[in-house]
Every structure is written in structure tokens, then in C-alpha cells.
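K.L.:
my questions concern the predicted model and sequence given below.
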Amino acid sequence: MREVLELTVSIALSIGVPAWVVRRDLARLSGEPLARSWNDASLWSAVVTFGPLCILVHFVRTRRSLRGLALGASWTAAALAASWLVSTLFS
């Protein structure tokens, strides 16, 4: 039973955390960066398919700069660290 709970929480985090990060960033964007962002269907497809890695792509796609790459890498690392931390709590 513990394994089922761990798997469920892991899946929820791998979808929920990236969705929250990207949605949070989209709310702060305007102008051209917002126009370069994903539409809702593409956003959810990327979040479900690629999990935390879609965060990096989102920031690079919207910023198109080294700053975007750095922001994406740091948010991706934070999302992966959160998932790792929760999974170690179950172990």
C-alpha cells in the first residue's frame, strides 16, 4: 500500500509542480514573451509528458536569452529537488 501512495504522490508532484511554476510565470508575463508561450493545450501536454523538464523549455522559449536559460535551470532544479525530497521521505 505504501508503494501505491508513493507512486501517486510522485505522479501528482511531477505534474503539479511544473504546472504551478509555469502558470505562476505566465501570470507575470506580458507582451512578446507572453505571445511566445504555449497555449493551454500545449502547456498541459508538455507538463504531463515531460514533467519538470518542461519548465526549462518554457523559460527558454519565452525569454530567448541566457537569463531565461538560467531561470529555467534553477526552477527545474528546484522542482526536481522537491520531488526527490518527497520521495526520500517515503523511503
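P.N.:
Yes, it's here.

K.L.:
now do the contacts for the residue nearest in space to the middle of the chain.
P.N.:
For the chain, the residue nearest the mean C-alpha position is Pro18 (2.2 Å; C-alpha atoms, centre = their mean). Residues near Pro18 by C-beta atoms under 8 Å, 6 or more residues apart in numbering: 47, 51-52, 54-55, 79. Placement of C-beta: from N, CA and C, glycine included.

K.L.:
ok, so of those, who is nearest Asp25?
P.N.:
Closest to Asp25 out of the contacts of Pro18 is Ile55 (8.6 Å), distances taken as C-beta to C-beta.

K.L.:
could you report the pLDDT at the closest one?
P.N.:
Here, the pLDDT recorded for Ile55 equals 96.

K.L.:
give the next helix or strand downstream of the top helix by length along the chain.
P.N.:
Secondary structure assigned by DSSP state H gives helix 2-28 as the longest helix of the chain. Using DSSP states H and E, the helix or strand that follows helix 2-28 in sequence is helix 32-35.

K.L.:
give me the contacts around that following helix.
P.N.:
Applying C-beta under 8 Å, 6+ apart, the external contacts of helix 32-35 come out as 26, 62-63.

K.L.:
which of those residues are buried?
P.N.:
Neighbour-count burial (16 or more other C-beta atoms under 10 Å) applied to the contacts of helix 32-35 gives 26, 62-63.
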